[in-house]
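> take this sequence and fold it.
(one chain, ligands or ions: 1)
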Amino acid sequence: MSHETGVFSHPDHDGHESVVFHADPASGLRAIIAIHDRALGPAAGGCRIHPYPDGMTALADALRLSRGMSYKNALAGLPLGGGKAVIIADPRTDKTEAKMRAFGRAVEGLAGRYVTGEDVGCAVADMDAVKRETAHVMGASDAEGDPSTHTARGVFLCMERAVQARLGRSLDGVHVAIKGAGNVGFALARMLHERGTRLTVAEPRDDIRARAVAELGAAVAGPDDIVTAGADVFAPCALGGDLTAEAVAAMRCAIVCGAANNQLAEPRVDGLLRDRGVLYCPDYLVNAGGIVAIGRTVAGWTEDQALAAIERLPETLDRVLADAAASAAPTGQVADALARARMQGGAA
Ligand code: NAD
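Numbers count the residues shown, from 1 in each chain. Now for the predicted structure:
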């Protein structure tokens, strides 16, 4: 029996086209760029800056996130493939202009096969630094800018559709529990508040929590209690992995619909959610608004085309829900199959 623990036998390796490791001793950059698939176009996906405990954890994240980008871009109808970069650093203490520029040179070395953008730990200013070294970047301040409100808009529209489908009502008076009120989570909370939605928020930052209470009348829960807060909808908007088998067993909501990438802690949780009668709105489907907004230039779309594509995300969700109902398959699995069919040029 093989005891290889290398990249090709990595559990998250999914036929990725290439995985590149970059080190720049001068700036201290350590980055991994994973290109999953380019069947539909250049591999596009953001750059996550995170203090990963080790390189293998960072690699796993890059592999998973880049595959998710292939699926996300395909389902959003973008002519883009999937890729993702991770930088091993603490974005609060260990992010420098030199490091971002070294990362920009790494992206430039891929000659347009990968186009980068913002993800957790990055700000628009970081994309400006990257842009000093490469044109293969989305979301710089002189271009598309911050994607967060577009992401929130897509999640909001899909949540509205899911609530209608599962609860047969509008968002007015529905109780939504948001984990992580950052750029996307807070924008989503604001949109929901305007629709008369009741909010509970879990957020470690005191200043944001206080704003959510003061401006949006939100109730507050702890990060570990939010999943069992008794809301109708759970919206994971912090980091991934919130949907564990234990969390699903304890949850009381009817719907999961949020912005975080990689919400399922392991693939089988998709089926556990179905068995529990929880409608899971696949993360990469509902959170595609951001990549549509910043990827439109690479895709050759006008701003109007991008905004229209975001408004159409609930139609794709409808299709997934209908296929899932017809086949009794979990929604995540159905979305994956639809994305793969689009990547292979099959029926949309
Ligand atoms: P952000 O860093 O602005 O917000 C994340 C928030 O979660 C922060 O306020 C942080 O304090 C909070 N948080 C961290 N740990 C938490 C915990 N244990 N419990 C509760 N809150 C916690 O990031 P963002 O841009 O809002 O992105 C949020 C998620 O959405 C990420 O998973 C990201 O990958 C995903 N996403 C973002 C975009 C986008 O346009 N920004 C697009 C697609 C997907």
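> ok but residue 87 is inside a helix, no?
No - applying DSSP: H, G, I helix; E, B strand; the rest coil, one finds residue 87 to be strand, outside a helix.
> I'd guessed it sits against residue 48; true?
Yes - using Cβ atoms under 8 Å, residue 87 is in contact with residue 48, at 7.2 Å. The way it works is simple: take the backbone N, C-alpha and C, and place the C-beta from them, glycine included.
> higher neighbour count, these two?
residue 87 (29 against 25; other Cβ atoms under 10 Å).
> can you name the residues bridging to the more buried one?
Taking DSSP bridges as the rule, residue 87 bridges to residue 31, residue 49.
> tell me the pLDDT of residue 319.
On pLDDT, residue 319 comes in at 97.
> nearest spatial neighbour of it, skipping sequence neighbours?
In this structure, residue 319 finds its nearest non-sequential neighbour in residue 338, 7.0 Å apart by Cβ to Cβ, 6 or more residues apart in numbering.
> report all helices and strands that the helix or strand harbouring residue 22 contacts.
Remark: residue 22 resides in strand 18-24, with elements defined by DSSP states H and E. On a contact count with 3 or more Cβ pairs under 8 Å, 6 or more residues apart in numbering; DSSP states H and E, strand 18-24 meets strand 29-37, helix 55-75, helix 97-109.
> what's the following helix or strand past the last one in contact with?
Toward the C-terminal end, the helix or strand that comes next after helix 97-109 (DSSP H and E) is strand 114-115. Residues from elsewhere that reach strand 114-115, judged by Cβ atoms under 8 Å, 6 or more residues apart in numbering: 33, 35, 42-45, 80, 83, 85, 107, 136-138, 295, 298.
> and the residue most central in space within the chain, backbone torsions?
Of all residues in the chain, the one closest to the mean position by Cα atoms, centre = their mean is residue 261, 3.3 Å from it. Note on residue 261: backbone dihedrals following degrees, to the nearest 10 are phi -80, psi 150.
> who touches the residue nearest to it when sequence neighbours are not counted in this structure?
Leaving out its chain neighbours, the residue that sits closest to residue 261 by Cβ to Cβ, 6+ apart is residue 240, at 5.3 Å. By Cβ under 8 Å, 6+ apart, the residues touching residue 240 are 260-263, 283.
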